[in-house]
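>>> structure, please.
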Amino acid sequence: MLLIIGAITYGIANSLLFCKTYLNRNIKKIPLEHFIFLLGCIYMISFLGLMGMIAIPANGISLISNVITPSIMLILVTQLILESIARTNIQRIEILSLLLMLCFMAFVADQQVFFSKNIQTELPITHIDFPETNDILIVDTSQPEFVSTDISVLEKVDFELLSNSNGKKIIRSHSCGAIVIIDHERIVAYLNIKKIDFTAINASELLLKNPRNLGLVVDDNDIPYYKYALLKHDSFGSYIVGKYALCNALTFEVSYFDKLPNWAK
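Sure, this is the predicted structure:
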């Protein structure tokens, strides 16, 4: 919700800045209906652009290249549109274009540094065989009281992502709406997991902490967690790991660590 409120506020602010610049510049007036349409486009570009940069990434979010730099770039784009309509100051258009190019270069450079940081992620595997066992626990998380031991329930789930963690095998659907943990001869499955608060990056409270998504891990009690490295800049502009965060995939409660527990490594 805070993400949406922030994007709405930013869209309104950029639209008001566009109006202020328009009124202060010596521009031949355009028809009111055209101006209103243009203003609406500016708002939608600002709102959807910022929402997209924050909400879409699945592997992590850098505060600089997913929030700050795009915000500046969207402002420059709207000002450049206005100056291109006015065409009263070619030098201003050139300066705005140069600043926009520099911001784009900063965006690319920061993304490259952010994702080139070498951190241990989950261990993917290519195949899992369900063991023949009666020790099966299937929990419907939308109905916490409901427990099943009928493995045929899992045939209806479209599992896509496979990995290893804590000596166990993990199968999960692409949206992580279903997670199955296989530990030797035991199967624990969680179905109908509620979508996490804010997209694939998970846990909105991590948004401003430069989270790198390191995949899914499982503790000794078969509880799945999303694992994150929270990065920060060092004195040379590259990123280092400040803390780690584990987000409970069932309750979305977040815990922070200077060093990860052994089962989460």
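>>> shouldn't residue 10 be within a strand?
No. Using DSSP: H, G, I helix; E, B strand; the rest coil, the assignment for residue 10 is helix, not a strand.
>>> got a pLDDT number for residue 197?
Note on residue 197: pLDDT of 50.
>>> my bad, residue 203
As summarised for this prediction, residue 203 has a pLDDT of 52.
>>> mind checking the SS state of residue 251?
In the three-state summary, residue 251 is assigned as coil, counting by three-state DSSP.
>>> got the phi and psi for residue 191?
With angles defined as degrees, to the nearest 10, residue 191 sits at phi -110, psi 160.
>>> my guess is it contacts residue 144. True?
No. With contact defined as Cβ atoms under 8 Å, residue 191 does not count as touching residue 144 (11.7 Å). Where you see a C-beta, it was placed from the backbone N, CA and C, and this is true even at glycine.
>>> and those two? Which one has more around it.
residue 191 (21 against 9; other Cβ atoms under 10 Å).
>>> is the more buried one in a bridge, and if so with what?
Partner residues in beta bridges with residue 191: residue 140, with DSSP bridges as the criterion.
>>> again with residue 241
Following DSSP bridges, residue 241 is listed with bridge partners residue 231.
>>> quick one: residues contacting it.
By Cβ atoms under 8 Å, 6 or more residues apart in numbering, the contact list for residue 241 reads 117, 119, 229, 230, 231, 232.
>>> can you show me the helices along the stretch 151-265 of the chain?
Secondary structure of the stretch 151-265 of the chain (DSSP state H, counting those that start in this stretch): no helices present.
>>> low-confidence bits of it, can you list those?
When residues are selected by pLDDT under 70, those of the stretch 151-265 of the chain lie in 196-204.
>>> if any of the contacts of residue 241 are buried, give me the ChimeraX selection for them.
Buried members of the contacts of residue 241 can be picked out in ChimeraX with the line below, counting by 16 or more other Cβ atoms under 10 Å:
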select :229,230,231
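>>> let me have the contacts of residue 241 in CSV, extended by distance to residue 64.
Below are the contacts of residue 241 laid out as CSV (distance: Cβ to Cβ, whole Å):
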residue, distance to residue 64
117, 14
119, 18
229, 16
230, 14
231, 11
232, 11
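>>> quick check: the farthest pair among the contacts of residue 241?
Within the contacts of residue 241, 119 and 232 form the most distant pair, 13.2 Å apart (Cβ to Cβ).
>>> got the residue ranges for the strands in the stretch 51-200 of the chain?
With DSSP state E, counting those that start in this stretch applied, the stretch 51-200 of the chain shows strands at 123-124, 136-140, 147-148, 159-165, 168-173, 179-183, 186-191, listed in chain order.
>>> in JSON lines: these, plus distance to residue 254.
As requested, the strands of the stretch 51-200 of the chain are exported to JSON lines (distance: least, Cβ to Cβ, whole Å):
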{"stretch": "strand 123-124", "distance to residue 254": "23"}
{"stretch": "strand 136-140", "distance to residue 254": "22"}
{"stretch": "strand 147-148", "distance to residue 254": "27"}
{"stretch": "strand 159-165", "distance to residue 254": "18"}
{"stretch": "strand 168-173", "distance to residue 254": "19"}
{"stretch": "strand 179-183", "distance to residue 254": "18"}
{"stretch": "strand 186-191", "distance to residue 254": "18"}
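>>> residue 79: which of those strands is closest?
Closest of the strands of the stretch 51-200 of the chain to residue 79 is strand 159-165, at 42.7 Å (criterion: Cβ to Cβ).
>>> quick one: the closest one to chain centroid distance?
If you compare the mean C-alpha spot of strand 159-165 with that of the full chain, they lie 20 Å apart, counting by Cα atoms, centre = their mean, to the nearest Å.
>>> next: stretch 68-87.
Here the centre of stretch 68-87 is set off from its chain's centre by 25 Å, with Cα atoms, centre = their mean.
>>> what do you get for stretch 180-199?
Stretch 180-199 sits 20 Å away from the centroid of its parent chain (Cα atoms, centre = their mean).
>>> do the same with stretch 258-265
Mean C-alpha position of stretch 258-265 versus that of the full chain (Cα atoms, centre = their mean) differs by 23 Å.
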